[in-house]
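Participant: Just to be clear, the model below is a prediction. Sequence and coordinates:
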Amino acid sequence: ALAPTAPTLGDKFDAVPPSDNTPQIQTPDENNDQQTNLKKAALEAAFEMLARRAKPIQIDPQTRIEDTDEADKAAKKHKFKIGLLVPLTGSFSYLGNMISGGSELAFFKMRNPNIELLYFDTAGGEQAVIAANEAISNNVDVVIGPLFSDSVSAVKPLLKASNIPVLSFSNNIDVAEPGVWVLGYLPEQQIIQLVDFAVARGKQNFGILNSKSQLGNKITNAATDQLAKYGLSPRTVFELDNISQMEQEELLSQIKTFTKYVDSSKDPLTLPPPAYDTVIIAGDTDFILQVAPILSYYDLGPDRVLFMGIDKWAQPKILNEPSLQKAVLTLPKRPAEEKFNKVWQDEFTFKSNDLAKISFDASALVIATSVANSNIPLSDDLATQPGFIGFSGQFKMSQSGLTERVFEIMEISDKLLVQPSIQ
């Protein structure tokens, strides 16, 4: 659980105390030492400056250390260097621009002359190892990135051997380990919370449609494990592999089997109760949109069963799908999203997304932690903090490398997200 919100910063900074919905770093108790208070104050100040839309100092982040005179070299040795491993070229460069933008906002808003932000191009993963070696050669103190789990797996042995902490954007728990964090929204954590929500409301008959993808398997396994903690198990786990290549008749037949459909067209009054009270569609957006209307066709629609999904469902295609109205899904709690988006729009010509918010939080957190010049290793310092409230939501960085996040449950109603009607 996350600790209570920290007090305001009126005594430490020449700034208006943050409002109730301004992101704030959290404090474990009133007896923290001065270094911890400095770190927390610095991070909260960054959020406050962003909320107040302070004009950034125009300092260009560097790509690598160039030859300079001896005085400059000596000064650079005392700087805290953040290495950003992102795709600056290739087909995923637009995501790299998003991540870079989030880090630049934190870099500019915190205005710390002892911080140096350096870029290293992973080219979408093709040059991840090269980028990691360049970061090591440039003596970075921490790496933010890479984006993809395969890249994280490739670079973490190199970076760990150099005692460089890694804050990646992956949402794959398989690549997490001490000193290597996954900052993405983990599907496993979301499904656990959804199962808790459903069971607390009397749901016991769960059906799972698994796309047999990596995401589908993760959702299925997490749901099955969490149900077991209640002494429950899914009534059915039905696997639908590669449905994009499946003939329509075969797809209809497979889903009909899953629904345990009984034809009551001759006597509508004999419609039997549904085989499940809760259905988890474990797959990506295309999978969900293909199977949901067919489920409804076979009498397993939102008027008869509770559908549950993760944050990826919060997009127009799914919100507008009639067969998914009344479904519930998870969203990270983001207390100042509108403020972030407004400042982002003032600085950039493209819209932000979750990666931008996560990148800002990661960068601001690292910069704030470096402020006190603590002798505690950065990995230990980050993992021992009780938790934070940032623009990407509430989170805590654990010793295992997982980022524990707090999600809220929302319901799709009339193509909008609202508080759940089921209580």
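Facilitator: It's in. Numbering: from 1, shown residues only.
Participant: the helices in the stretch 151-300 of the chain, which residues?
Facilitator: 187-200, 214-228, 248-259, 285-297 (DSSP state H, counting those that start in this stretch).
Participant: Export these as a markdown table, with columns for mean neighbour count and mean pLDDT.
Facilitator: Glycine gets a C-beta too; all of them are placed from N, C-alpha and C. A markdown table is the format used below for the helices of the stretch 151-300 of the chain (neighbours: other CB atoms under 10 Å; pLDDT from 0 to 100):
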| stretch | mean neighbour count | mean pLDDT |
| --- | --- | --- |
| helix 187-200 | 20 | 96 |
| helix 214-228 | 19 | 97 |
| helix 248-259 | 15 | 96 |
| helix 285-297 | 19 | 96 |
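Participant: possible to save those as a markdown table with distance to Glu116?
Facilitator: Converted to a markdown table, the helices of the stretch 151-300 of the chain look like this (distance: least, CB to CB, whole Å):
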| stretch | distance to Glu116 |
| --- | --- |
| helix 187-200 | 33 |
| helix 214-228 | 36 |
| helix 248-259 | 54 |
| helix 285-297 | 39 |
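Participant: Please identify which of those is closest to Val166.
Facilitator: Minimum separation from Val166 across these (CB to CB) falls at helix 187-200, 19.7 Å.
Participant: The closest one - contacts with which helices or strands?
Facilitator: Contacts defined by 3 or more CB pairs under 8 Å, 6 or more residues apart in numbering; DSSP states H and E place helix 187-200 against helix 214-228, strand 278-282, strand 306-309, strand 328-332, strand 407-413.
Participant: That one to strand 328-332, inter-axis angle?
Facilitator: For helix 187-200 against strand 328-332, the angle by axes from the mean of the first three to the mean of the last three CA atoms, to 10 degrees is 130 degrees.
Participant: Would you mind writing the CA trace of helix 187-200 as CSV?
Facilitator: Extracted in CSV, the C-alpha atoms of helix 187-200 (Å, rounded to 0.1, in the frame of the first residue of the first chain):
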residue,chain,number,x,y,z
PRO,A,187,-1.6,-7.1,-17.1
GLU,A,188,-1.1,-9.5,-14.2
GLN,A,189,-1.6,-6.8,-11.6
GLN,A,190,-4.7,-5.6,-13.3
ILE,A,191,-6.3,-9.0,-13.7
ILE,A,192,-5.7,-9.8,-10.0
GLN,A,193,-7.6,-6.6,-9.1
LEU,A,194,-10.4,-7.5,-11.5
VAL,A,195,-10.8,-11.0,-10.1
ASP,A,196,-10.9,-9.5,-6.6
PHE,A,197,-13.6,-7.1,-7.7
ALA,A,198,-15.7,-9.8,-9.3
VAL,A,199,-15.4,-12.3,-6.4
ALA,A,200,-16.3,-9.6,-3.9
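Participant: re the thing from before, minimum distance to Asp354: which of the helices of the stretch 151-300 of the chain has it?
Facilitator: helix 187-200 (13.2 Å).
Participant: which residues sit against the closest one?
Facilitator: Under the contact criterion CB atoms under 8 Å, 6 or more residues apart in numbering, helix 187-200 has outside partners 171, 173, 206, 215, 218-219, 221-223, 226-227, 230, 232, 278, 280, 306, 308-311, 328-330, 404-405, 407, 409, 420.
Participant: quick one, that helix and helix 214-228 angle?
Facilitator: 40 degrees.
Participant: roughly how far out does helix 187-200 sit from the chain middle?
Facilitator: In terms of CA atoms, centre = their mean, to the nearest Å, the centre of helix 187-200 is set 16 Å apart from its chain centre.
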